[in-house]
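Asker: give me the fold of what follows.
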Amino acid sequence: MLLLLVAERFLSEGRELIDKNPVQACEKLYKAAEEAVKVLAITLNLEEARKAFESGGWWSKLLEKATQGIAKALGIKQFILWWDSAYKLHVDGFHEAKLSSEDVKERYEYIEEMVNLAKKVLKKHSTAHVQSSTYQE
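Answerer: Have a look, this model is predicted:
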């Protein structure tokens, strides 16, 4: 899925920028988290993914709702906290330029967890889809 590749690229670019330009690192890492939420919402077939498709895009409140749906669907309550860290990077780190490189480093692992979870869930669902298609032949 293209969105996952975009998330991985933003994660990598963000990691490289943490010490050089923490403001830009914050935005790259936030975008990685945002793309991970989209991948998960689509893969899990959440209502928020359908709303985004029907309306032509995602917005903050829809991403927040998707995050809650993902946490519930996967039984991973801390996913909401990971999203909160990403949103802090976006607002305090990018828009307000208040976060230091150390502050960004403290939150990096949560963004990485989000992207890795998206990769794992997408792979699991892709494998299940292929297996069910194979048995139907």
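
Asker: which of the three states applies to Ala97?
Answerer: Put simply, Ala97 is coil when judged by DSSP: H, G, I helix; E, B strand; the rest coil.

Asker: tell me which strands and helices the longest helix along the chain is in contact with?
Answerer: In terms of residue count, the longest helix belonging to the chain (DSSP state H) is helix 101-136. With contacts defined as 3 or more Cβ pairs under 8 Å, 6 or more residues apart in numbering; DSSP states H and E, helix 101-136 has these neighbours: helix 2-17, helix 22-43, helix 78-88. The C-beta positions use only the backbone N, C-alpha and C, and glycine is treated the same way.

Asker: closest one to His95 among those helices?
Answerer: Comparison of the helices and strands packed on helix 101-136 against His95 by Cβ to Cβ identifies helix 22-43 as nearest, at 8.8 Å.

Asker: list the buried ones in the closest one?
Answerer: Residues 22-43 are the ones in helix 22-43 that count as buried (16 or more other Cβ atoms under 10 Å).

Asker: tilt between the helix or strand just after that helix and helix 22-43?
Answerer: Next helix or strand after helix 22-43 toward the C-terminus (DSSP states H and E): helix 47-55. Per axes from the mean of the first three to the mean of the last three Cα atoms, to 10 degrees, the angle that helix 47-55 makes with helix 22-43 is 100 degrees.

Asker: please compute how far helix 47-55 lies from its chain's middle.
Answerer: A distance of 16 Å separates the centroid of the chain from that of helix 47-55, by Cα atoms, centre = their mean, to the nearest Å.

Asker: ok, now stretch 37-50?
Answerer: Using Cα atoms, centre = their mean, the offset of stretch 37-50 from its chain centre is 11 Å.

Asker: also stretch 28-45?
Answerer: Chain-centre distance of stretch 28-45: 3 Å, with Cα atoms, centre = their mean.

Asker: for the spatially closest residue to Met114 that is not a sequence neighbour, give me the pLDDT.
Answerer: Counting by Cβ to Cβ, 6 or more residues apart in numbering, Ala36 is the residue found nearest to Met114 once chain neighbours are left out, at 4.2 Å. Per-residue pLDDT puts Ala36 at 98.
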